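Asks: A predicted structure for the sequence below; I have some questions about it.
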Amino acid sequence: MKRLILALAASVAFAGMSVAQTYPTKPITMIVPFAAGGPTDIVARLVSENMSKTLGQQIVVENVAGAGGTTGITRASQAKPDGYTIMMGHMGTHGAAPALYANLKYDPVKDFEPVGMAAGTPILIVTKKAFPANDMKEFVAYLKANADKVNQAHAGVGAVSHMTCILLNSQIGVKPTAVPYGGTGPALNDLVSGQVDYMCDQIVNLVSQVKAGSIKALAIASAERSPALPDVPTTKEAGLPEYQVAAWNAVFAPKGTPKDVVAKLTSALNTALDDAGTRKRLEDLGGVLPTKDERGGEWLGKFVASEVARWNPVLKASK
Ligand code: ASP
């Protein structure tokens, strides 16, 4: 009997060790809770390309859009916690959602193993090219006079584009018609073709269209201008100083994913964030790379808790 117990204990220990030692032995799925082509998808594809090289296995991005990102994150949170399903969350799915969804099936703080911050993403206010306002002051005046005629695109209730424009609209005091999409990738297409009037979105989605002049960027809602779009004024410079908000994208695994597996994912993410090519591509799109102190799961876990606590009262008040 004693020998059997010893043998069992040894094989359990060996199994525990071997999972982390050999992981990953097959492709990993990264769930992106929005449509392809938008900012969360762009950040996911950029970092996962380099992580795949480090891990020696392909990370396959799967877009599962719906309900402001909560459909994909719900699915990912319920996946087998073996390291073969991970996800790219953001300030909406892991910050705003609890305030906006009474029946949310996950808790951003308790139901995940945080892997690490991928990128900070400043928020821009952008309009279609033909919008009859060329700066923030004209925009506010036009919106106040014509809110019933204006359409604002967003990526579903709780998405960053939704929550950050709730803030903007409530500061201006307007309630335009909101048009939901499965992500701000498709929303941007409709902004370029002029079918919607404006949106608030993460910079990484917008730089090339702003540079090409196919949409107008009125302001960036951060303290400093972005080196990726140096001509776009801050909201302070543009006359709306109280509108200050920035978003982020981060990698999570489902709760219960073995610690050693999470550590391998964190290390691969850090390698991606140190890779000159990956850094340049993110920075060219306006992404803000996490500092060394802002990396890893422990930091991200605390940050998510602070984001949920920060957004809850703000969003409940503005509803
Ligand atoms: N940026 C989007 C949002 O509004 C989603 C996306 O990444 O497509 O949350």
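Replies: Good, I have the coordinates.

Asks: can you give me the pLDDT of residue 147?
Replies: Here, the pLDDT recorded for residue 147 equals 89.

Asks: repeat that for residue 317.
Replies: For residue 317, pLDDT reads 82.

Asks: which SS state does it fall under?
Replies: helix (DSSP: H, G, I helix; E, B strand; the rest coil).

Asks: equivalent analysis for residue 174, please.
Replies: coil.

Asks: the helix or strand hosting residue 217 - contacts with which helices or strands?
Replies: For residue 217, the element it lies in under DSSP states H and E is strand 215-220. Packing partners of strand 215-220 (3 or more C-beta pairs under 8 Å, 6 or more residues apart in numbering; DSSP states H and E): strand 112-128, helix 136-146, helix 184-192, helix 207-212, helix 235-238. Heads up, the C-betas are built off the backbone N, CA and C, glycines and all.

Asks: how about a cut-off of 6 Å?
Replies: strand 112-128, helix 136-146 (3 or more C-beta pairs under 6 Å, 6 or more residues apart in numbering; DSSP states H and E).

Asks: what angle do helix 184-192 and it make with each other?
Replies: In terms of direction (axes from the mean of the first three to the mean of the last three C-alpha atoms, to 10 degrees), strand 215-220 departs from helix 184-192 by 110 degrees.

Asks: sorry, back to before: identify whichever of the helices and strands packed on strand 215-220 lies nearest to residue 254.
Replies: In terms of C-beta to C-beta, the element of those nearest to residue 254 is strand 112-128, at 6.6 Å.

Asks: before we move on, back to that, same list (the helices and strands packed on strand 215-220) but as TSV, adding distance to residue 243.
Replies: As requested, these are exported to TSV (distance: least, C-beta to C-beta, whole Å):
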stretch	distance to residue 243
strand 112-128	8
helix 136-146	9
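
Asks: for those, could you give me a markdown table that also reports mean neighbour count and distance to residue 287?
Replies: A markdown table is the format used below for those (neighbours: other C-beta atoms under 10 Å; distance: least, C-beta to C-beta, whole Å):
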| stretch | mean neighbour count | distance to residue 287 |
| --- | --- | --- |
| strand 112-128 | 26 | 4 |
| helix 136-146 | 16 | 23 |
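
Asks: which one of these lies closest to the ligand?
Replies: Nearest to the ligand, of all the helices and strands packed on strand 215-220, is strand 112-128, at 7.8 Å by C-beta to the nearest ligand atom.

Asks: interface residues of this structure facing the ligand?
Replies: Proximity of the chain to the ligand, by C-beta under 6 Å from any ligand atom, involves residues 34-35, 38-40, 90, 92, 155, 159-161, 183-185, 201-202.

Asks: can you say which of those are buried?
Replies: Buried subset of those (neighbour count, 16 or more other C-beta atoms under 10 Å): 34-35, 38-40, 90, 92, 155, 159-161, 183-185, 201-202.

Asks: having no further points to raise, I will conclude here.
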